[in-house]
Each structure stands twice: as structure tokens, then as C-alpha cells.
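Trainee: Sequence first, then the predicted structure:
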Amino acid sequence: MRALIQRVSRASVSVDQHVVGAIGNGLCVFVGVTHADDTNTAQKLADKIWNLRVFEDEQGLMNRAVGEVTGEVLVISQFTLYGDTKKGRRPSFIQAARPETAEPLIQFVCEALIELGANVSTGEFQKHMEVEIHNDGPITLTIDV
């Protein structure tokens, strides 16, 4: 699994001009799934997201995880994280898992985050989504598990 994580002051996702998920201070997480991923990979990603220290402590150092600050996480499926642009000008998405594999694993990540204590909002799988992000920092990281 691959994730692009952005620390945000707020973020929302809309489908057909209706907000389907929104958070305040927290993390916006775009998640891509590849063929080799399974529930163990999904659990590792959820643990990494929950425990990633990207929020400042009293000294201004990034020593706090999302659960220590707000617990809000917006998870959005993003197969294009596995887009391969090495050849030609059109990305290849061969490494991205098919929807019937990816959707349950992204749902597993969300459920694992909830079990850890996160307030999770999501987009809608296989829908055209408009994402509004207000980066805080900006802090943006890519994670592969």
C-alpha cells in the first residue's frame, strides 16, 4: 500500500457537489492499493498513519501523532498513486489493484483507524471526487508499507 499524507487545518471531499466527508485539524490520507497488499499491509498502514509524529509539541518539534492532537483522518482512495510514468506520456496503472481488491482493503484501513481511536471520514470509492485541502505547514509525506 502507498499513502500520500497531508497535515491539514481542514479538508473535505465532495461527490456531485455534495460534501461526503470532512475533517478539521488532522490528516488527509490518499491511499493506493497494489496487487500484493492484504489485511496485514492495511493494518501496518493504519498503525503508521495513527502513530506518525507530524504535529508539534510545546517546543515546536514534530513529536505528536494525530491521536494526540485531534484524531481526525480523511481517507480517500487513490489508485493513481500507483501510476507509472517511466515510459511514454500516459501513466500506466498496471500496479494498481482492481477495485474488488482495493475497496475492502481501504475499508479495512478505515476500520483499523477507528479501532485505534480516529474519527474517520471518507470519500466514495470509484466516484469522481473533488478534494479541498488546507495544508497545515505544509507537511506532505509519502508512505509505502
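Mentor: Right, received. Where do you want to start? Keep in mind that this is a model prediction, so the values were computed, not measured.

Trainee: Please state the offset of the longest helix along the chain from the chain centre?
Mentor: The residue-count maximum for a helix in the chain (DSSP state H) belongs to helix 99-116. Relative to its chain's centre, helix 99-116 lies at 11 Å (Cα atoms, centre = their mean, to the nearest Å).

Trainee: and if you look at stretch 44-51?
Mentor: 10 Å.

Trainee: rewinding a little: for the longest helix of the chain, list every residue counted as buried.
Mentor: 102, 105-106, 108-110, 112-113, 116 (16 or more other Cβ atoms under 10 Å). From N, CA and C alone the C-beta is placed, and that goes for glycine too.

Trainee: Just the terminal-to-terminal distance for stretch 79-96.
Mentor: 6 Å (Cα to Cα, to the nearest Å).

Trainee: Now residue 34. Nearest residue, chain neighbours left out?
Mentor: residue 95 (5.1 Å; Cβ to Cβ, 6 or more residues apart in numbering).

Trainee: low-confidence ranges in the protein?
Mentor: Counting by pLDDT under 70, the chain contains no low-confidence range.

Trainee: now the strands for it?
Mentor: Secondary structure of the chain by DSSP state E: the strands cover 2-15, 18-23, 26-32, 55-56, 62-64, 72-77, 119-122, 129-144.

Trainee: residues in contact with the last one?
Mentor: Right, strand 129-144. Residues outside strand 129-144 that contact it (Cβ atoms under 8 Å, 6 or more residues apart in numbering) are 1-15, 17, 20, 25, 28, 45, 48-49, 52, 54, 62, 76, 123.
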